[in-house]
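give the three-dimensional model of this entry:
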Amino acid sequence: MTRSSSPKPQLQSLIAIALFTPAASLAAQAETEQSVWFWNLVIALIVMLVTMASAALPLAALRQWQGGWFMTAAAPLAVLALWGALIFLSRLDNPNSHRLWPFEIFSWAMINMIYMVALMTYKRKVDRAREAIEGLGASQDSADSSAPDSDQAS
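Numbering: from 1, shown residues only. Here you go, the predicted model:
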């Protein structure tokens, strides 16, 4: 009798292990998937916030600059619009294309920041040089008007 009664507890233990191990594994997998989902959301939010902050630079420049400077400030936004349309149309055609599109947009944001900072620095230098030339011209005009003409003196 002892032989017939001993396999039952072992069998019950094996059945319990077989039933609860997949459940524990599924719980761990669900927790991992939830963690991955959370971090994907955090990365997507960071990418979108940085992209919006980067897009604010050309938008502010568009409101303040005229002429050729306006066109240079509009260029990054045109690139973003074209790239966004390309991503959208590609994803409609093949859902597996551009799977890392947030990073593509993020790369635009980083390149845009470099471009806009360089453009603003160059514009500031050009404006200062223009002011210096205009200031020099104004000081020469005032010096010419204050000096008596030699023709009028004689």
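
okay, Phe106 and Phe70: tell me how far apart.
As judged by Cβ to Cβ, to the nearest Å, Phe106 and Phe70 stand 26 Å apart. Just so you know, the C-beta spots here come from the backbone N, C-alpha and C atoms, and that holds for glycine as well.

the more surrounded of those two?
Between Phe106 and Phe70, counting by other Cβ atoms under 10 Å, Phe106 is the more crowded of the two (19 against 13).

so what's that one up against?
By Cβ atoms under 8 Å, 6 or more residues apart in numbering, the contact list for Phe106 reads 47, 50-51.

neighbours of Trp108, just the number please.
19.

picking that back up, same list, the contacts of Phe106, but as CSV with neighbour count please.
Putting these into CSV (neighbours: other Cβ atoms under 10 Å) gives the following:
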residue, neighbour count
Val47, 18
Val50, 15
Thr51, 19
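
let's have these in TSV, adding distance to Asp127, secondary structure and pLDDT.
As requested, the contacts of Phe106 are exported to TSV (distance: Cβ to Cβ, whole Å; DSSP: H, G, I helix; E, B strand; the rest coil; pLDDT from 0 to 100):
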residue	distance to Asp127	secondary structure	pLDDT
Val47	34	helix	82
Val50	28	helix	88
Thr51	29	helix	88
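
what's the closest of those residues to Pro102?
When the contacts of Phe106 are ranked by distance to Pro102 (Cβ to Cβ), Val47 comes first, at 4.4 Å.

quick one: that closest one from Gln34, how far?
21 Å.
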